[in-house]
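Colleague: Compute the structure for the input listed below.
(chains A, B, C and D)
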Number of protein chains: 2
Amino acid sequence: MLSKSAEYALRATIYIALKGSVDNKLGIDEIATAIDSPQYFTAKIMQLLTKNNRVVSSVRGPNGGFYLTDAARKLPVRAVLEAVGEDGIITKCVLGLKECSESRPCPMHEQYRSIKVQLKQMFEKTTIQSLAEETGKGKLVINNRLVKKK
Amino acid sequence: MLSKSAEYALRATIYIALKGSVDNKLGIDEIATAIDSPQYFTAKIMQLLTKNNRVVSSVRGPNGGFYLTDAARKLPVRAVLEAVGEDGIITKCVLGLKECSESRPCPMHEQYRSIKVQLKQMFEKTTIQSLAEETGKGKLVINNRLVKKK
DNA sequence: ATAAATAAAGACAAGTATATCCTTTTATCT
DNA sequence: AGATAAAAGGATATACTTGTCTTTATTTAT
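Modeller: Next up, the predicted model:
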């Protein structure tokens, strides 16, 4: 469904939304441990999230780390996918046909149409903040463990 | 969404269902050209479809090639995905969490639940034959061209 | 029986995604 | 200013996917 990059990006962003703030920035080691992802690889992904698309904010140096602005919290989940170049799931044809469209549909087009719309809505209407709130209610963000709300 | 392997597998199977039969077996070169896929790679995928899971039938030698039995035509699209090991799309968690379940859901679980059900239904209720029939109605199976029904 | 056609199988090459490590830059604190 | 902590950036390694080529096995036709 999604690449590892996208999965880590989403998990990291949700975790940061839940546990971080401007005056409690989270380090990459904490994040990677919390979301059960490889640290160095996750660091690379954070660069995509901070640089290309301004989803996550960061500062270097002592007491530095990652956090989300209030504006960022309101971003749709899709913004995270776009940052890691993984929004094909809501843009591409199921059969991978470049020419597939409403006027020239592929054989699966009709059965997939409404699903695609719903996927799109899920990723566009759901905000990062709302996912973090779900997580706060005891939803998983990492394998085998729940993130405990402080 | 799906891997290249899965896309080629689906396109090839649909094409074979549409144009092939026991007494009109299709060669790998025809198939690959028709569905606009790399020939040798497609040949490998055909091996998965014929060997592991019995979706496609084949015979070697002169007048050999690929075709579908009547039973195979009734198989769900999911059978093709399984043959190429790509059914994670209907089995896995969106965030890639192994522990995600109804009792221990991930933050996206609720929004994704019904979509997942629909994806599952699409792949399980749609048969290979019905996709071929769609194609016969002028739907794309290859880039830039329509498959013309004989 | 032999030749020819075709898929199957195996070996390899190229490309992309994933993962790790090392160095550099930037910010903070003393 | 200097030391330190943290992310950013670059280089490399590993694994997996995708793609190609060659050889082998099998079937059919002559």
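Colleague: What ranges does chain A have for its helices?
Modeller: Using DSSP state H, the helices of chain A run over A:4-19, A:28-35, A:39-50, A:70-73, A:77-83, A:109-125, A:128-136.
Colleague: ok, now which ones touch residue A:49?
Modeller: A:9, A:12-13, A:55-56, A:80, A:83-84 (Cβ atoms under 8 Å, 6 or more residues apart in numbering or on different chains). For every residue, glycine as well, the C-beta is placed using N, CA and C.
Colleague: DNA strand D versus the nearest residue to it once chain neighbours are set aside, what's the distance?
Modeller: Leaving out its chain neighbours, the residue that sits closest to residue A:49 by Cβ to Cβ, 6 or more residues apart in numbering or on different chains is residue A:56, at 4.2 Å. Here residue A:56 is placed at a distance of 8 Å from DNA strand D (Cβ to the nearest atom of the strand, to the nearest Å).
Colleague: what do you get for residue A:129?
Modeller: According to Cβ to the nearest atom of the strand, residue A:129 stands 21 Å off from DNA strand D.
Colleague: Could you count how many residues lie near the nearest residue to that residue once chain neighbours are set aside?
Modeller: Among residues not flanking residue A:129 along the chain, residue A:73 sits closest, at 3.9 Å (Cβ to Cβ, 6+ apart). Residue A:73: 17 surrounding residues under other Cβ atoms under 10 Å in any protein chain shown.
Colleague: just residue A:82 next, same as before
Modeller: Neighbour count for residue A:82, taken as other Cβ under 10 Å: 17.
Colleague: What distance do you get for it to residue A:91?
Modeller: According to Cβ to Cβ, to the nearest Å, residue A:82 stands 10 Å off from residue A:91.
Colleague: Likewise for residue A:140?
Modeller: For residue A:140, the distance to residue A:91 - Cβ to Cβ - is 28 Å.
Colleague: Go through the contacts of residue A:49 and name the one nearest residue B:116.
Modeller: Nearest to residue B:116 among the contacts of residue A:49, counting by Cβ to Cβ, is residue A:80 at 19.5 Å.
Colleague: shouldn't that closest one be in contact with residue A:55?
Modeller: Yes: taking contacts as Cβ atoms under 8 Å, residue A:80 lies within contact range of residue A:55: 5.8 Å.
Colleague: This completes my enquiry, with thanks.
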